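**Q** mind looking at a prediction? Sequence and model below.
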Amino acid sequence: MREKQVLVTGACGEIGQALVQELSKKGGYKIVTSDLYPPPDSIKSLVAEHVAGDLVYKVKTFYDYDFDIIFHLAASLSSKAEVATEEAHRINVEGTMQLLMLAAYRSEKYKKEVKFLFPSSIAAYGVPSIEAKKQAGAVKETEWNTPHTMYGCNKLYCEKLGLYYSKYFGQKHLDENPPAMLDFRAIRFPGLISAFTLPSGGTSDYGPEMLHAAAQGKPYSCFVRADTKISFMAMPDAIKSLLTLMDVPREKLSYTVYNIAAFALTAEEFRERALDAFPGAQITYDINPRRQGIVDSWPEDVDDALARVEWDWKPDYDADHFFDDYFLPEILKRYGKSR
Ligand code: AKB
C-alpha cells in the first residue's frame, strides 16, 4: 500500500516532536517536516525530509508535494504573541492562510482529499471577568468566542479560514458535484504538559515549568495567582486526539472545531502535587499582571461533549493518572532521580 504523505509544520515544537514520533510508530506515513530550526535528535531519523526556514516564505516549496494530510502546528504562542503582535499575526494567520491555499489548490487540481489538522486553543475564548469565568464553568465551542489576546484572535480567525477554504472557497458548495475537498478539522487544546519537552512563549507554561523545576530540584516562581484555574492535558492525550480526529470518517463530523478536556487544576493544586511528589520543592508566587490577565480571560474548563459523542473522544489521563502513570515515572527517568 502507498505510504500517506504527511506534512508537519512546527515539527520542532512540543506537539510536533511528539506527533512525529507517534506517526512514525504507527507506520504507513512518509513524514515531511518544516520548522524555523533543523530537526532535533528526537525526530531526526524519523523524518523523510525537513524544510528549515520561515513557513510564510517556504510554503511555495510544498506545491510540488502530494500531501494527503497536513498538521499545521507552527505558531507563535500567547505570551510571545502579545509582545510581538504583528509578527504573531504574520506567523499565525499568514502562515495558515498560505498552507490552506496550498491544500485547497491541490485538492481541486488533483481531485483528491487533503486533510488539514489544526491545533486551535482555549485562547479562542475570552471571559470578561473572574466572576464571569467562575459562572461560565466548562464552556461549549460556541460560547465566549471573544478572545483577549492576539494569539486567541489568530486562532479563532484561522478556524474560520479553515471552514471557508474547506467549504465555501470558490463558492463550490453551490455545485451539484463539488470537487474532492480540503477537509479541515480543528481541536481547541487546553494547556499541554509533556514529561520530555518544555513549552516556550505560552501562558499555560507555568504548569509544566513548575513541575519540571520541582523534579530537577530548582526553585520556581509561578507567574500567576494560586487560585488561577484552567484546563490542562497530558501530551500523549493531545497526540491521541489529533490522530483520532485524523481518522474519523467525515460523515461522522457535524462540526469543524472541537473542544477536548482532561483535567482542570488551579496553580496551587499543581504546587501541592509537586510538593507531594518532590518534598522540599521551592515554589513561590511572583505575579506577572499581563500574563495573569491572559489566563484570567481563559475559561476554567471546556465542555468536550461534542468530541465525545461524534468521535468517541476520551482522555487516558485524568489528574491522578497524569501524575502517577505518566508524568512522575517519565520525569524521574528523565532527570535520573528517585523519589
Ligand atoms: C499558550 O499558553 O499560549 C498555549 C495555549 C493554551 O494555546 N499553551
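**A** Noted; the coordinates are in hand.
**Q** assign a three-state SS to whichever residue of the stretch 201-339 of the chain sits closest to the ligand, would you?
**A** The ligand sits closest to Gly202 of the stretch 201-339 of the chain, with a gap of 2.8 Å, by Cβ to the nearest ligand atom. For glycine as for every other residue, the C-beta is placed from the backbone atoms N, C-alpha and C. Three-state call for Gly202 (DSSP: H, G, I helix; E, B strand; the rest coil): coil.
**Q** residues of the stretch 1-150 of the chain that sit close to the ligand?
**A** Neighbours of the ligand within the stretch 1-150 of the chain, by Cβ under 6 Å from any ligand atom: Leu77, Ser78, Ser121, Ile122, Ala123.
**Q** which ones among these are found in strands?
**A** Ser121 (DSSP state E).
**Q** any chance of the residues of the stretch 1-150 of the chain next to the ligand in CSV with pLDDT as columns?
**A** Compiled in CSV, those are given as follows (pLDDT from 0 to 100):
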residue, pLDDT
Leu77, 98
Ser78, 98
Ser121, 98
Ile122, 98
Ala123, 98
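**Q** now for the residues of the stretch 1-150 of the chain next to the ligand, which pair is the farthest apart?
**A** By the measure Cβ to Cβ, these have their two most distant members at Leu77 and Ile122, which lie 12.1 Å apart.
**Q** who has more neighbours out of those two?
**A** Neighbours per residue (other Cβ atoms under 10 Å) separate Leu77 from Ile122, with Ile122 holding more: 27 against 21.
**Q** I figured that one was touching Ile230, is that so?
**A** Yes: Ile122 lies in contact with Ile230 (Cβ atoms under 8 Å); the separation is 6.6 Å.
**Q** joint contacts of the two?
**A** By Cβ atoms under 8 Å, 6 or more residues apart in numbering, Ile122 and Ile230 have these common neighbours: Pro190, Gly191, Trp298, Pro299.
**Q** most neighbours among these, please name it.
**A** Counting neighbours by other Cβ under 10 Å, Trp298 comes out on top of the shared contacts of Ile122 and Ile230 with 31 neighbours.
**Q** what residues are up against that residue?
**A** Shown in contact with Trp298 (Cβ under 8 Å, 6+ apart): Ile122, Ala123, Tyr125, Gly126, Val127, Lys133, Ile230.
**Q** in which helix or strand does Asp237 reside?
**A** Using DSSP states H and E, Asp237 falls within helix 235-247.
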